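# Need the 3D shape of this:
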Amino acid sequence: MKGNWKLLLVGLVAFMFVLTACASDTVDEGNGGSDSGTDSGSDSSGDSTENVNVDIFQFKVEFKDQFEELVQMYMDENEGVNLSVQTVGGGSDYAASLKAQMASGNEPVIFNIGGPTELDEYREYLTDLSDTEAASLALDGTLNGVEEDGAVYGLPFALEGYGLIYNKEVFDAVGIDASTLTTFDALEAAFKQIDEQKDELGLEAVVALPASELWVMGNHLANHYIAPEFNNDILTAFEADSISFEYADQMKRMLDLQNEYSVQPVLSLDYSMQVEQLFSTGKVAVIQQGNWIYPTVEQMDEDFAQNGIGMIPMPFEGEYEDHLPVGVPQYWVVNQNASDEEIQAAKDFLDWMYTSDTGKDFVLDEFKFIPAYDGYDASRIADPLSQDVYSYSVDGKTIGWTFMGTPVGWNEDVLATEFQKYLAGDTTFDEALEVAKESWASSRQ
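All right, here's what the predicted structure looks like:
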């Protein structure tokens, strides 16, 4: 009897083993013959995104929190994709940081460039994005400078504009109509009027000029008086062998005016101090900035952001009086040195951000962007700064962003650095311009 039980037990074990093997074969066949039971993570298009890591190196500090929130939402919907974001900007030099990142060998999959100059500089890294849905929807003119021979190497962030952002309550208190400040004489008279009443208005100064930020002077202020020399065309600037500073007197007057009425010392002021510590708290009445500051101001004081601020152009005496500089601030690009899976995952994410319902809602409502793509309801542009930019754009009263077509590093490393020396009293304005002229000509030989 005992022997029979042993035989029965052995037979039962053998039978169970056969069943297990059969079940295993069935599972393998259902997974395409794979010996792994791990979820493939494939997306709806059938492209595998299993364990794809995409590093994003981006410059826009103003939407850092909102962008990271959107990135997390995308990962929640696409479990096989891991996106990591590193934001470098504001008080840090993004261009220098990107160069260091590339030199370190830790190249990001997605990063930002600023136009034809940086397109030329980073050409060896760039993937053709013309097969993306976003590229097909980009508004006319927004791909200028990143498109060559039918290939699109960058996707625009958004449209942006910059000028003088002002505190409406202060202007109302002293009886100034911002729309009338289209000339230097009118703006200077307004600054003087506010300055005479700054104590009773609770102001530290009329203006906060963040002269430690090279981009504020070298890119934006200078562009307002350089772009007209190149007919507001970025490619004309990119192809120019020299610069004459045709409107140098106006450029100097704008820089001097801000410096005269600014919180001092201007060379110690940075972006954060200008926007957060001084303007958003009502300690200065005017700053030179763009619509990208809105999320920051809103976080500091929502009511002030929604109801208390507006934007006007810096003065220009001539054809472009009462014109606002409007352009594409940066482009998203994808590193062609990444793997095929990483490149596809990067394209999928960028498409989703600008074309999905979720992404489009974020672009309008959270990023506070002025869309650079078709398919958006422009009436949903909510914040007053972006509304001002959009209004100038619709009216055709814009100045081009040619600073992204100047020689590599010229705006900040040369022109703005010379401006800093000028503000410190270490050189004259004419001498600063001569250095900048020679640098431009040398770089274009």
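# helix/strand/coil for residue 145?
coil (DSSP: H, G, I helix; E, B strand; the rest coil).
# Which strand or helix spans residue 111?
strand 110-113 (DSSP states H and E).
# what sits up against that strand?
54-60, 94, 98, 101, 119, 121-122, 126, 146, 154, 157, 330-335, 346, 349-350 (Cβ atoms under 8 Å, 6 or more residues apart in numbering). Heads up, the C-betas are built off the backbone N, CA and C, glycines and all.
# Narrow those residues to those in helices?
94, 98, 101, 119, 121, 346, 349-350 (DSSP state H).
# Looking at those residues, which is nearest residue 324?
The nearest member of those to residue 324, counting by Cβ to Cβ, is residue 94 at 23.7 Å.
# okay but residue 326 is in contact with residue 142, surely?
No. Residue 326 is not in contact with residue 142 according to Cβ atoms under 8 Å; the separation is 10.8 Å.
# quick one: buried residues of stretch 383-396?
383-390, 392 (16 or more other Cβ atoms under 10 Å).
# Let me know the closest of those to residue 263.
residue 385 (21.6 Å).
# Please report how far that closest one lies from residue 426.
Distance, residue 385 to residue 426, using Cβ to Cβ, to the nearest Å: 35 Å.
# returning to that earlier point: tell me which two of the ones in helices among the contacts of strand 110-113 sit farthest apart.
Applying Cβ to Cβ across the ones in helices among the contacts of strand 110-113, the maximum distance is between 121 and 349, 24.2 Å.
# ok, these two, which is more surrounded?
It is residue 349, of residue 121 and residue 349, that has more neighbours when counted by other Cβ atoms under 10 Å, with 25 against 16.
# chain center to stretch 262-275: distance?
21 Å (Cα atoms, centre = their mean, to the nearest Å).
# Only the buried residues of that stretch, if you could.
Within stretch 262-275, the residues that qualify as buried are 262-263, 266, 269-271, 273-275, counting by 16+ other Cβ under 10 Å.
# Now do the residue nearest to residue 213 when sequence neighbours are not counted, the pLDDT please.
Leaving aside its chain neighbours, residue 213 sits nearest to residue 271 (5.3 Å; criterion: Cβ to Cβ, 6 or more residues apart in numbering). Here, the pLDDT recorded for residue 271 equals 95.
# Then residue 115?
Taking residue 115 on its own, its pLDDT is 88.
# Distance check, it against residue 125.
15 Å.
# try residue 243
Using Cβ to Cβ, residue 243 is found at 28 Å from residue 125.
# Redo the ones in helices among the contacts of strand 110-113 as TSV? Include pLDDT.
Formatted as TSV, these follow (pLDDT from 0 to 100):
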residue	pLDDT
94	88
98	94
101	93
119	94
121	93
346	98
349	98
350	98
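# top of these by neighbour count?
With neighbours taken as other Cβ under 10 Å, the top of these is residue 346, carrying 27 neighbours.
# so what's the closest residue in space to that residue that isn't next to it in sequence up against?
Excluding the flanking residues, the one nearest residue 346 by Cβ to Cβ, 6+ apart is residue 334, at 4.6 Å. Neighbouring residues of residue 334 by Cβ under 8 Å, 6+ apart: 109-110, 126-127, 129, 343, 346-347, 350.
# And the strands in the stretch 251-400 of the chain, which stretches?
Secondary structure of the stretch 251-400 of the chain, counting by DSSP state E, counting those that start in this stretch: strands at 286-290, 309-312, 324-327, 331-334, 398-399.
# So, low pLDDT: which residues of the stretch 51-200 of the chain?
Where the stretch 51-200 of the chain drops to pLDDT under 70, the residues are 90-92.
# Tabulate the strands of the stretch 251-400 of the chain (TSV), appending mean pLDDT and distance to residue 89.
Shown next, in TSV, are the strands of the stretch 251-400 of the chain (pLDDT from 0 to 100; distance: least, Cβ to Cβ, whole Å):
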stretch	mean pLDDT	distance to residue 89
strand 286-290	98	13
strand 309-312	97	21
strand 324-327	95	17
strand 331-334	98	14
strand 398-399	94	23
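# Can I get those strands in a markdown table including distance to residue 80?
Listed next are those as a markdown table, based on distance: least, Cβ to Cβ, whole Å:
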| stretch | distance to residue 80 |
| --- | --- |
| strand 286-290 | 37 |
| strand 309-312 | 43 |
| strand 324-327 | 36 |
| strand 331-334 | 18 |
| strand 398-399 | 43 |
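# Indicate which one of those is closest to residue 169.
Closest approach to residue 169 among these (Cβ to Cβ): strand 309-312, 9.5 Å.
# Residue 327 and residue 216, how far apart?
16 Å.
# which residues are in contact with stretch 259-278?
90-91, 191, 195, 204-213, 216, 258, 283-284, 287, 289, 293, 296-297, 300, 420, 423-424.
# Apply 6 Å and report the result again.
90-91, 191, 195, 204-213, 284, 287, 293, 296 (Cβ atoms under 6 Å, 6 or more residues apart in numbering).
# Alpha carbons of it, as PDB, please.
This file holds the C-alpha atoms of stretch 259-278, laid out as PDB (Å, rounded to 0.1, in the frame of the first residue of the first chain):
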ATOM      1  CA  ASN A 259      20.100 103.800 -14.800                       C
ATOM      2  CA  GLU A 260      19.400 107.300 -13.600                       C
ATOM      3  CA  TYR A 261      16.000 106.300 -12.000                       C
ATOM      4  CA  SER A 262      16.900 102.800 -10.900                       C
ATOM      5  CA  VAL A 263      17.500 101.200  -7.500                       C
ATOM      6  CA  GLN A 264      21.200 101.200  -7.000                       C
ATOM      7  CA  PRO A 265      23.700  99.700  -7.600                       C
ATOM      8  CA  VAL A 266      22.300  98.400 -10.800                       C
ATOM      9  CA  LEU A 267      25.300  96.100 -11.300                       C
ATOM     10  CA  SER A 268      24.200  94.100  -8.300                       C
ATOM     11  CA  LEU A 269      20.600  93.800  -9.300                       C
ATOM     12  CA  ASP A 270      19.500  90.500 -10.900                       C
ATOM     13  CA  TYR A 271      16.300  89.200 -12.400                       C
ATOM     14  CA  SER A 272      14.900  87.800  -9.200                       C
ATOM     15  CA  MET A 273      15.500  91.000  -7.300                       C
ATOM     16  CA  GLN A 274      14.000  93.100 -10.100                       C
ATOM     17  CA  VAL A 275      10.800  91.000 -10.600                       C
ATOM     18  CA  GLU A 276      10.100  89.400  -7.200                       C
ATOM     19  CA  GLN A 277      11.600  91.600  -4.600                       C
ATOM     20  CA  LEU A 278      11.000  95.100  -6.100                       C
END
